[in-house]
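In: just coords:
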C-alpha cells in the first residue's frame, strides 16, 4: 500500500508553528497510537500531520523506542520545531508490555519534574499510569497523567481498574501537591459507566458525548473510550476540548487506511488559554453524559442554523449542507458562514469527505 500523502493540517489546529515565539494557547492531546513501534507499516508522516497542531501529547501503546524516535523526528520535520520526549519503563503483565510517553514543544511547554510510574503496591493496574508536571509558556503549572486501562476478557476487569483510579488521583495530589491533575488516556470504558463514581467525586470527563474509536465504516466512530479527566470544582484555564476525527478532517483518508497505517483511535484534546477566561467543571454526578457510547453526536445537538456553510471551530473544517459532517457538529464548536469564501477567509478549509 502506498504511503499516505501528507496534507496541510486544519488552520485552527496549526497553532503558530513558528519557532522561538511563545503563544497564549497551549493545546494538549492524548492519543492511543495503536502499537507504535511494531513493524506494522505506520505512516509516520501521517502521524505527524495529525500531531502537528498540538504542543503536548500523551501517547499510549508505545511498543519500542525506535517507533517513538521516528514519531519525534516526523513531528520535527512537519513543524520545523524542536520536540522533546519523556518515556516510561515498559509496563504490563506477562510477555505483553508497552510504554507511556509525553512529547512536547519546549518553546511552548516546559517539563518541570516528575516522570513517575504509579507505585501500585496493590497491583490494581495491569499497566501502571505515568505522570509528570508541565508548565505552559503563560505560567500554568499542571500535572498530566497517561493511562491505558486493560481491555481484558470482561467489562468487570475494566471496571475494577476504573474504580482504582480514585486512589491514583489521591496519589497524584500527594505527589504533586497544589497542582491540578489531568488524567488522560484510553480508559476502555465510556464515562457513563458506574465504575467512575469514585474518580468522578473529584474529577470530570471533558468529553461527554461522541466516540473516539474508529469504526471500519467511513465517518463512524464506535466507542467513547478516550478522554481527559479534569479536576472538578476549581477554576481552570481550559477554554476548549474535543475529539479530532483525523481520517476525514486532517488526512482525507478512509477508515480502513487510517486503522491500518495510523491508529484505530482518534486523539482527544484540550486547550489551555488564560486569556479566554476560566472553566469550572462539575463532579461526574452533576455532568451531562451521553450514555450511548456508540452515538456519534457531540455534547449537545447542533443549533438550528441556516443551511449555508457550517464550520467546526475545533478542527478548522467547514461543511456544505450536502457534506456528511454538516449535521454532526456540536453547539459548542459550530460556526456558520454565508459562503465558501467567507469560511476560507476565516482560516477554515472544506472537509475532505465532502462530495
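Out: Looks like it arrived, so ask away. Predicted model only: the values in this text are computed from it and were never measured.

In: per-domain residue ranges of the chain.
Out: Using automatic domain parsing, the domain parsing of the chain gives 26-286, 309-350.

In: right, so those domains: which one is the most enclosed?
Out: domain 26-286 (a mean of 20; mean count of other CB atoms under 10 Å). Where you see a C-beta, it was placed from the backbone N, CA and C, and this is true even at glycine.

In: Please tell me how far it is from the chain's geometric centre.
Out: 6 Å (CA atoms, centre = their mean, to the nearest Å).

In: So residue 168, which state does it fall into?
Out: helix (DSSP: H, G, I helix; E, B strand; the rest coil).

In: Could you pull up the residues touching it?
Out: 118, 124-125, 129, 145, 183 (CB atoms under 8 Å, 6 or more residues apart in numbering).

In: State whether residue 233 is indeed within a strand.
Out: No. Secondary structure of residue 233 (three-state DSSP): coil, not part of a strand.

In: mean pLDDT for the domains of the chain: which is lowest?
Out: Lowest mean pLDDT within the domains of the chain: domain 309-350, a mean of 80.

In: how about the helices of this protein, start to end?
Out: Counting by DSSP state H, residue ranges of the helices within the chain are 44-51, 65-79, 155-175, 197-200, 246, 255-261, 340-345.

In: Kindly reformat the ones you listed as CSV and extend each row with distance to residue 308.
Out: Converted to CSV, those look like this (distance: least, CB to CB, whole Å):
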stretch, distance to residue 308
helix 44-51, 29
helix 65-79, 33
helix 155-175, 43
helix 197-200, 40
helix 246, 26
helix 255-261, 28
helix 340-345, 9
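
In: right, so of those helices, which gets closest to residue 311?
Out: Taking CB to CB, helix 340-345 is the member of the helices of the chain nearest to residue 311, at 5.8 Å.

In: Check which helices and strands the closest one is in contact with.
Out: In terms of contacts (3 or more CB pairs under 8 Å, 6 or more residues apart in numbering; DSSP states H and E), helix 340-345 is packed against strand 309-312, strand 349-350.

In: Dump these to a markdown table, plus distance to residue 288.
Out: Output for these, formatted as a markdown table (distance: least, CB to CB, whole Å):
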| stretch | distance to residue 288 |
| --- | --- |
| strand 309-312 | 20 |
| strand 349-350 | 31 |
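
In: Which one of these lies nearest to residue 255?
Out: Closest of the helices and strands packed on helix 340-345 to residue 255 is strand 309-312, at 18.5 Å (criterion: CB to CB).

In: Residue 263 against residue 43, yeah?
Out: No. Residue 263 is beyond contact range of residue 43, at 10.5 Å (criterion: CB atoms under 8 Å).

In: one step back: can you tell me which of the helices of the chain is nearest to residue 283?
Out: Across the helices of the chain, residue 283 has its closest neighbour in helix 197-200 (5.9 Å, CB to CB).

In: one step back: which one, of the helices and strands packed on helix 340-345, ends up nearest to residue 318?
Out: Between residue 318 and those, the shortest separation by CB to CB is 3.9 Å, and it involves strand 309-312.

In: Name the surrounding residues that touch that closest one.
Out: With CB under 8 Å, 6+ apart as the criterion, strand 309-312 contacts 249, 302, 317-321, 325-326, 329, 333-340, 342-343, 346, 348.

In: give me phi/psi at residue 190?
Out: According to degrees, to the nearest 10, the main-chain angles of residue 190 amount to phi -80, psi 160.

In: How about the contacts made by residue 268?
Out: Contacts for residue 268 were tallied using CB under 8 Å, 6+ apart; they are 29-31, 184, 206-207, 212, 226-228, 241-244.

In: which residues does it bridge with?
Out: Going by DSSP bridges, residue 268 is paired in beta bridges with residue 30, residue 243.

In: nearest to residue 220, of the helices of the chain?
Out: Between residue 220 and the helices of the chain, the tightest spacing by CB to CB is seen for helix 255-261, at 7.6 Å.

In: quick one: which of the helices of the chain is nearest residue 235?
Out: The nearest among the helices of the chain, by CB to CB, is helix 155-175 at 17.1 Å.

In: could you list every residue that touches residue 243?
Out: Taking CB under 8 Å, 6+ apart, we find residue 243 in contact with 207, 210-212, 221, 226, 266-269.
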